[in-house]
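[1] Next one to model:
(2 chains)
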Amino acid sequence: MTGKYFGKPVKRLEDKFLLTGNAKFIDDIQLPGMLHAAFLRSDYAHAKIIKIDYSEALKRPGVVAVYTAEDFGDFWKPGPLQVPPPTAIPGSKFNARTLVPIAKDKIRFSGEPLAVVIAESRYIAEDAFDDIIVDVEPLPAVVDLEKAWEDTSVLVHDDLGTNLAALVTQESGSYEEAKKQADVVVSKRMLIEHVAAAAMENRGFVVNWDERNQELTVWAGTQSPLTIRGSISRALGLAESQVHVITPYIGGGFGPKVMSSQADDVLLPWISKQLKRPIKWIEDRRENFLATTSERDQVHHCEIALKKDGTILGFKDVFYHNTGAYDSYGMTVPLNTQTHTVSNYRVPNFYTQIRMVFTNQMVVTPVRGAGRSEGIHAMERMIDFAAHELGMDPVELRLKNLLKPEEFPLKTGIIGQDFVEGVLDSGDYLGNMKMCLDMVEYDKFRKEIQPKARKEGKRLGIGVVAFTEGTAVGPYEGVKLTVSTNGKVTLATGYSSQGQGHFTVFAQIVADALNVKVEDVKVITGDTLHFAWGAGTFASRGATLVGTATHLASQKVRAKIFATASKALGVPEDQVDLCEGSVCVIGKPESSIPLGTLASMANPMRGVVEPGVEPGLEATAYYGPPHGATGSGACAVILDIDPDTCKPTIERFVLVHDCGTVINPLLLEGQLQGGVSMGIGNAFYEKMVYDENGQMVTASFMDYLMPLASDMPKKIEMGHLHTPSPLNPLGIKGVGEAGALPPPPAFAQAFEDAFYDKKLELLESNLSPSVIFSYLKKAEGE
Amino acid sequence: MSKLFPVTVTVNGKVYERQVEPRLLLSDFLRHDLGLLGTHVGCEHGICGACTILFDGEAVRSCLIFAVQANGHEINTVESLGTPENLHPLQQSFTDKHALQCGFCTPGFLMTLVPFLEENPKPTEDEIREAIDGNICRCTGYEKIVEAVQDAAEKMTQKK
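    Next comes the predicted model:
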């Protein structure tokens, strides 16, 4: 499907504001009489609170108030479970211990808030930290996932008697039976390491209680404005209509901004109501590292069973998943891992068990990839290890087992994060892989390039992996579309935007359907006064769910335009045509009515309207899929590794991707390239490290390395397949997380290939030079 | 509150006189005291580059400078480039090539690149990548930023 705008590389409508400093971000909100909040955070990961004395802080000029947990009285309570427990999965155990807004009695992670200071400026609020005396009794910290699972471990939640947050086992077929038939069984233990989302803008929250109107206005850098509105109104006993949440421009999300019911959005509305003053809190980078949310951090115990010819018979994966000190965000991440482990290949027998553990670390929520990365990594690496064992080429083993187009739709038997059984809707996984191999010239590399390089003493290695991205899960999203009397069109959605280009892609769909200029469509995202229904920005749902709702609303408005125009022009509907920005009679362009005038006519001030006729050229539509749509791809990377420093140069990076129908190819490339940079970061640069005391030792950009321009490949060579999703009328699938998935396993495979003679088995996801160096030393017996 | 010090500074061609605490960061001064909100603060420890401005024509991080140090100096922020209706050629290339997504880091990239392109109007790709290695972008993967700089360099040299 293409139109004047749909499917075209339309330039973004939002750019001119962002480029000139005219886009309003959360820290740009300034209100008269605004106070500033700062959170005093715990230096300890695990400790009993004996006493917090802030009496001196109150004496400091400019300090307005200080609060600890006790000061909130009955208002203090553990927050809601933001994602429901996985009761849809038979036999699942889930122990809910939801995030408390501020530590009371016990500290459970380093960075947990202990006190809130409200002052005339942020500088003064932070000065007051020095006046607060915190008396605690430190406890040993729970850091190691596997040790945390043992009965002898120190407990994060004493009342629970265990650190088990969840135990979920799913099986399709019978792995043990498959194992009996196998010629080869390979077992490995692998780490998939902890990473940060690290959006360039930190979180932020501004709140203003209006005593006269009894209304609360909130500005929040959130991926989930309606969740926040719900939790705030429930906590304060207000109706949702009394809480207005606005998302300004947001400087990247990547997952953690979906989490609500944290110290800021729980405590600051209450304080604003008490003080009757607006309050602003802007997270700083250290707080973001310590106490927002992060992800990955799993330990996998995998086993793969195969026939001699490479046919996969079964896969078993028992993995530990770190949920941090609390599990408010439920099991979205590890369930994504379960669904993605076998989403590329024919695996008739699959046993998967999640052992989700509480630790004295920050809360875990999705970070771009969101459990998919871990599942893909586990499977791709096991295929590599199996290929070593079988003496097969890793690509050949993949080609043998990749799902074929005629196998779709395929029920996987594994229930996912949306609590419905996984269905792979469509795709051409073999096609992806073949295009990728052609583009990277795999045969030439193996036969000519690599042997020549090896003769020259070069360490040149290739890694080729397949991946899927489960996207566009339910429940639903919606939009309201209105033609204004000035002829411009407004689209409002509850979905919030963090740079994905929603202001443009939704406008493209509307512009084609109503035959207006794309720049005449204004998209309003994440403002609850404009639209108050929806679930939030996660799982690459925007283009598919909001895009489809936009399409449906456009069709409804179009029908109203035709009905209204037919009367106004005095001709049957089939004689009405949509010219750009107006309606006219077919063949008589001179008898036209501008769309704005028609909008006025659709809202008569006197007279009678027929029963069932709704005023205005306006319509609301919702879309919810039966299950997610799955994007897919293949990726090849060629690394040239300096044998002395172990630093790789990325010689080639090929990415083939299929997300069905494309709305805007320019933005698609941007999404994929950005995802790849995070994936390369995860593979090589980025690693969050907690020491044995639960202290994060990588809480700045000095220690947590982000990929920079010269770290990236010169060119990400891209190929595209387009297998439309049968689930929605436009055939769209999501793409937001895809690029981040393949680099870590592809890098690992390429490193092993480069050092083929050392027979390395890289069992962790972050492969910095020092890690590679230590593997090499080990291989050499040192 | 410590003693206030006078600061006279020219920002985007306009002279401002203010009394400030000596510990006030230049980034906060520009944003909160002068209301120039286009300069963004991403890390406050001098790594991410989002707060980059021109200090007497040179790209520097405004989060690592105190406002008092700007006394008597000339500063340019992203607001000194184009307007939404009339973009600077570099801004135009950024939108043409889709070199921004969330746009939060973008003002820092622009202010790093303006003096770079003045000094080096025909940069190689490696030179461009090196020039922006002090700016972190989490959204784009940098490829389209590099393309935008190449595009702008070409167009700006043709104009001269």
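
[2] how about low-confidence regions in chain B?
    When the per-residue scores of chain B are filtered using pLDDT under 70, the ranges that remain are B:1, B:160.

[3] could you redo the last one with a cut-off of 80?
    Within chain B, the ranges that satisfy pLDDT under 80 run B:1-2, B:159-160.

[4] And the residue of it closest to chain A?
    As assessed by C-beta to the nearest C-beta, chain A sits closest to B:G38 within chain B, at 1.8 Å. In short, each C-beta sits where N, CA and C put it, glycine included.

[5] That residue and B:G108 touch, don't they?
    No. In terms of C-beta atoms under 8 Å, B:G38 does not count as a neighbour of B:G108; the distance is 10.0 Å.

[6] And those two? Which one has more around it.
    For B:G38 and B:G108, the more surrounded residue by other C-beta atoms under 10 Å in any protein chain shown is B:G108, and the numbers stand at 29 against 25.

[7] and the host helix or strand of that one, how far from the chain's centre?
    For B:G108, the host element (DSSP states H and E) is helix B:106-119. Distance, stretch centre to chain centre, for helix B:106-119: 7 Å (C-alpha atoms, centre = their mean, to the nearest Å).

[8] repeat for stretch A:424-432
    Stretch A:424-432 has its C-alpha centroid displaced from the chain centroid by 23 Å (C-alpha atoms, centre = their mean).

[9] Pop the domain breakdown of chain B in here.
    With automatic domain parsing serving as the domain definition, the record reports that chain B contains domains spanning B:5-80, B:89-159.

[10] need the ones you listed in a markdown table with distance to A:T698, can you?
    Compiled in a markdown table, the domains of chain B are given as follows (distance: least, C-beta to C-beta, whole Å):
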| stretch | distance to A:T698 |
| --- | --- |
| domain B:5-80 | 13 |
| domain B:89-159 | 15 |
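
[11] can you tell which of those domains is closest to A:Y756?
    domain B:89-159 (29.4 Å; C-beta to C-beta).

[12] which residues touch stretch A:582-595?
    With contact meaning C-beta atoms under 8 Å, 6 or more residues apart in numbering or on different chains, stretch A:582-595 is reached by A:483, A:487, A:514, A:516, A:561-562, A:565, A:568-569, A:571, A:575-577, A:579, A:581, A:598, A:601, A:617.

[13] Skipping its backbone neighbours, what lies nearest the residue in chain A that chain B sits nearest to in space?
    Here chain A gets closest to chain B at one residue, A:G21, 1.8 Å apart by C-beta to the nearest C-beta. Once its chain neighbours are removed from consideration, A:G21 has its nearest residue in B:G38; the separation is 1.8 Å (C-beta to C-beta, 6 or more residues apart in numbering or on different chains).

[14] which one is the most centrally placed residue in chain B nearest to, not counting chain neighbours?
    When C-alpha atoms, centre = their mean is applied to chain B, the residue found nearest the centroid is B:M111 (2.9 Å). Leaving aside its chain neighbours, B:M111 sits nearest to B:T52 (4.5 Å; criterion: C-beta to C-beta, 6+ apart).

[15] Contacts only, for the one you found.
    Taking C-beta under 8 Å, 6+ apart as the definition, contacts of B:T52 comprise B:A59, B:V60, B:R61, B:S62, B:P107, B:G108, B:F109, B:M111, B:T112, B:G134, B:N135.

[16] Check A:A634 too.
    A:A634 makes contacts with A:429, A:432-433, A:435-437, A:464-467, A:655-656, A:742, as judged by C-beta under 8 Å, 6+ apart.
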